[in-house]
Every structure is written in C-alpha cells, then in structure tokens.
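Visitor: Just the structure for this:
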Amino acid sequence: TVYVLIYNKIYHERESLYPRTIERLIDLLNATGLSYEIIKYGEYHHEQYMAALRRCRTMAFFAHSEVQGNAQIQASAMNMPIFAWDEGIWLDPLARQLSDQPVPASSVTHFDGRCGLRFKMDDMDARWAEFWSQRSHYKPRAYVAEQLDSSNSAALYLSYYREAASLPPANQVQLRERLT
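Guide: Okay, here's the model as predicted:
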C-alpha cells in the first residue's frame with residue numbers, strides 16, 4: 001500500500017512552481033515517513049493510472065487548472081480523498097494575454113468538501129495536516145454518484161454550452177481556437 005499518489009500536472013512555469021508545491025509536499029511526506037508515488041500527466045497509459053489508484057490511499061492533485069478533471073474524477077469515483085492544489089485563478093501564461101486581472105479558475109472543477117481539501121501554496125503545510133487527520137471522513141464517491149450521474153452531467157454540459165454561447169463573438173473564437 002502506498003499512502004499518497006501525487007498527480008503532477010504542472011507544466012507551466014515548472015521550474016518555479018515544482019519546488020514550491022510538489023517538492024515541498026514530498027519533504028512533508030518524507031519527514032513523516034509516508035510513502036508516495038508520482039504519476040505525471042501525459043507520461044502514463046490509462047491502465048498504469050488505474051493500477052496506481054488501486055495501490056494508493058489518497059491523492060495529492062497538482063494542476064494549474066482543469067476544464068473537466070477526468071483524473072481527479074476517476075480518483076473520486078474510487079473513493080480516494082484528494083488534497084487539491086487550487087490557487088483559484090488560471091495560472092496558464094495565456095491568462096495574462098487575455099486579461100490584466102487574474103482570471104478565476106479551479107484545478108478541481110467537480111469537487112466539494114466530501115472529496116477532500118483544497119489548498120494554496122501559502123497554506124499547504126497546515127492544510128496537509130488537516131487533510132491527513134481527516135482523510136477517513138471524506139466521501140468522494142458520494143459526490144460523484146450525486147453530482148456526476150448522467151442527468152446531472154448532461155445538465156452541467158448544457159449549462160457550459162449556454163455560457164460559452166453567450167460570450168461575445170471574439171471570445172468565442174478565442175475559446176474555439178484554444179480548445180482545438
């Protein structure tokens with residue numbers, strides 16, 4: 001059994017972010033003797049990911065932002081509590097090209113208090129202690145069963161579609177170009 005699966009989806013500004021996030025968590029885990037495994041986005045096959053989910057008890061999820069968050073949803077569906085890095089803004093350098101203000105975004109778009117705990121870089125150590133002490137109380141599968149069943153998923157998709165359709169035409173073109 002491995003205690004923590006570290007999901008690494010840091011690909012922007014990796015040189016500065018990795019030491020302040022994943023490396024810092026690894027130091028915490030090593031200091032407390034907790035085993036961990038790292039899986040890096042884009043460098044595994046689905047079967048490897050599923051095997052890692054079966055081996056591990058919790059997940060530390062590191063991503064700049066997510067649209068769907070399939071990896072996190074799959075972990076939640078397997079009832080794996082998640083410690084999720086979420087600064088609450090879009091950390092992609094493209095955000096600075098689109099706005100001079102921080103663009104609100106989340107790394108865990110399908111997530112609530114049943115799934116685990118969100119943290120920011122500044123409060124990671126304290127939030128980790130809180131998450132670890134409460135890990136047996138999280139019920140992420142219940143969230144998935146309630147919020148992501150087929151009818152709720154269809155309603156959610158439709159709301160996103162309507163929101164995108166209501167954007168000014170220039171923003172629709174930017175969004176379409178970004179997604180293709």
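
Visitor: Run the chain-centre distance for the longest helix along the chain.
Guide: Determined from DSSP state H, the single longest helix within the chain is helix 150-165. In terms of Cα atoms, centre = their mean, to the nearest Å, the centre of helix 150-165 is set 20 Å apart from its chain centre.

Visitor: Counting by contacts, list what that helix packs against.
Guide: helix 169-179 (3 or more Cβ pairs under 8 Å, 6 or more residues apart in numbering; DSSP states H and E). Backbone N, C-alpha and C define where each C-beta goes, glycine included.

Visitor: For the longest helix of the chain, buried residues please.
Guide: Buried positions in helix 150-165, judged by neighbour count with 16 or more other Cβ atoms under 10 Å: none.

Visitor: tell me the strands in the protein, going along the chain?
Guide: 2-9, 36-40, 56-63, 82-85, 116-119 (DSSP state E).

Visitor: Just send the ones you listed back as a markdown table, with distance to Tyr160, mean neighbour count and mean pLDDT too.
Guide: Shown next, in a markdown table, are the strands of the chain (distance: least, Cβ to Cβ, whole Å; neighbours: other Cβ atoms under 10 Å; pLDDT from 0 to 100):
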| stretch | distance to Tyr160 | mean neighbour count | mean pLDDT |
| --- | --- | --- | --- |
| strand 2-9 | 21 | 21 | 97 |
| strand 36-40 | 27 | 16 | 97 |
| strand 56-63 | 18 | 23 | 97 |
| strand 82-85 | 20 | 24 | 97 |
| strand 116-119 | 21 | 23 | 98 |
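
Visitor: Reformat those as a markdown table; add distance to Gln101.
Guide: Listed next are those as a markdown table, based on distance: least, Cβ to Cβ, whole Å:
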| stretch | distance to Gln101 |
| --- | --- |
| strand 2-9 | 24 |
| strand 36-40 | 31 |
| strand 56-63 | 22 |
| strand 82-85 | 21 |
| strand 116-119 | 21 |
